[in-house]
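when you get a sec, could you give me coordinates for this:
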Amino acid sequence: MSDPHPGRLPEKEDKRTFLQKVAEFIHPGPDSTEELIETLAEAEDNDVIGAESRVMLERVIRMADMTAGDVMVAAPRMDLVNIDAPFEDLLYLVITTAHSRFPVFQGERENIIGILMAKDLLKLQRAPELNIRALLRPAVFVPESKGLNDLLREFRGNRNHLAIVIDEFGRVAGLITIEDVLEQIVGEIEDEFDIPEDAGDIFALADRTYRVSGDTPIERVAESFEVTLQGSDREEAFDTIGGLIAHEMGHVPRRGEHVQLGGLHFVVLHTKGGAVRWFKVSRIEESQAGG
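Below you'll find the model as predicted:
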């Protein structure tokens, strides 16, 4: 059958890939990272790419200059397992922190001897005669200067999703997970406790208590509850309520732990990355009346 419209040229389907479109748009290439980011913004304005794609590409570009030391969880905030701790203490730590992997140390915290997978604890429950050392997996060590691009490639290649970060003197500086790296590209991976930053940091609850973010400035908490918040060590200065309470406890707070300070009762609701994300706060007289 002949073409009913022989004079009309068929429309060509645009078979260029997304990256080809971007490459053609930015040709010739920019001379610096900042120029490339500005070009991506222009591409978004010209509907070459969408807003989410532009943000992700920008994060990928910026990640090229970032290292493990930039995004790691610092050593004081690491949740570690003591190889010599009783099984009950070990199980409590795993349940309250809700991590999937834990660095294991023997003697000093600097002496990391392996990585324990939380799921492997089921084997101990089924066979108590097993030695926990038999469950440990090799620990991967990377320098603080390790580029995130290279680290992500190694995470994907060796299927290790956690690495211990070492400083220039060979000491443990912190830890980094594949989630920490991916969050630099896609943004923070949210969970059920996450609330957008612009939504606030102090929330009133129905039981006359409050949910307070661990990142809330101490001054804001003091003003909101009309109290004076000062640690036992008055020479130490802290910016956030989470930092102050961690110092008062003398260790990384764990879910369910509580402390009284400035006439307020703080209960740790949720931790992430070794830091308190949320406290449940009530006035001491009200918490005593309710308990």
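
and the end-to-end length of stretch 183-201?
Its first and final residues considered, stretch 183-201 spans 21 Å by C-alpha to C-alpha, to the nearest Å.

which residues in this protein form helices?
According to DSSP state H, the chain carries its helices in the segments 18-25, 33-45, 51-63, 68-71, 87-97, 121-126, 148-158, 178-186, 218-225, 241-249, 284-290.

out of these, flag the one nearest Asp207.
Closest of the helices of the chain to Asp207 is helix 284-290, at 7.6 Å (criterion: C-beta to C-beta). All C-beta atoms are positioned from the backbone trio N, CA, C, and that covers glycine.

quick one, which of the helices of the chain is nearest to Glu168?
Glu168 lies closest to helix 68-71 among the helices of the chain, at 10.0 Å (C-beta to C-beta).

now do the buried residues in that closest one.
When burial is assessed from 16 or more other C-beta atoms under 10 Å, helix 68-71 yields the following buried residues: Ala68, Gly69, Val71.

identify the residue nearest Gln106 in space, chain neighbours excluded?
Sequence neighbours aside, Ile83 is the residue nearest to Gln106 in space, at 4.6 Å (criterion: C-beta to C-beta, 6 or more residues apart in numbering).

mind checking how far that neighbour is from Met63?
When distance is defined by C-beta to C-beta, to the nearest Å, Ile83 is 35 Å away from Met63.

poorly predicted segments of the stretch 101-250 of the chain, please.
Scanning the stretch 101-250 of the chain for pLDDT under 70 picks out the ranges 128-129, 187-200, 206, 231-236.

now the strands: where do they sit in it?
Along the stretch 101-250 of the chain, counting by DSSP state E, counting those that start in this stretch, strands occupy 101-105, 112-117, 141-143, 162-166, 172-177, 202-204, 210-213.

dump these to a markdown table, plus mean neighbour count and distance to Ile245.
Shown next, in a markdown table, are the strands of the stretch 101-250 of the chain (neighbours: other C-beta atoms under 10 Å; distance: least, C-beta to C-beta, whole Å):
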| stretch | mean neighbour count | distance to Ile245 |
| --- | --- | --- |
| strand 101-105 | 20 | 23 |
| strand 112-117 | 20 | 27 |
| strand 141-143 | 16 | 31 |
| strand 162-166 | 22 | 25 |
| strand 172-177 | 24 | 21 |
| strand 202-204 | 13 | 15 |
| strand 210-213 | 21 | 10 |
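
now render those strands as a markdown table, adding distance to Glu285.
Converted to a markdown table, the strands of the stretch 101-250 of the chain look like this (distance: least, C-beta to C-beta, whole Å):
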| stretch | distance to Glu285 |
| --- | --- |
| strand 101-105 | 39 |
| strand 112-117 | 42 |
| strand 141-143 | 50 |
| strand 162-166 | 44 |
| strand 172-177 | 40 |
| strand 202-204 | 17 |
| strand 210-213 | 15 |
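
of those, which is nearest Glu223?
Taking C-beta to C-beta, strand 202-204 is the member of these nearest to Glu223, at 10.2 Å.

skipping adjacent residues, who's closest to Ala68 in space?
Distances taken as C-beta to C-beta, 6+ apart put Lys146 closest to Ala68, at 4.4 Å, once the chain neighbours are dropped.

need the phi and psi values for that neighbour.
Backbone dihedrals for Lys146, given as degrees, to the nearest 10, come out at phi -60, psi 120.
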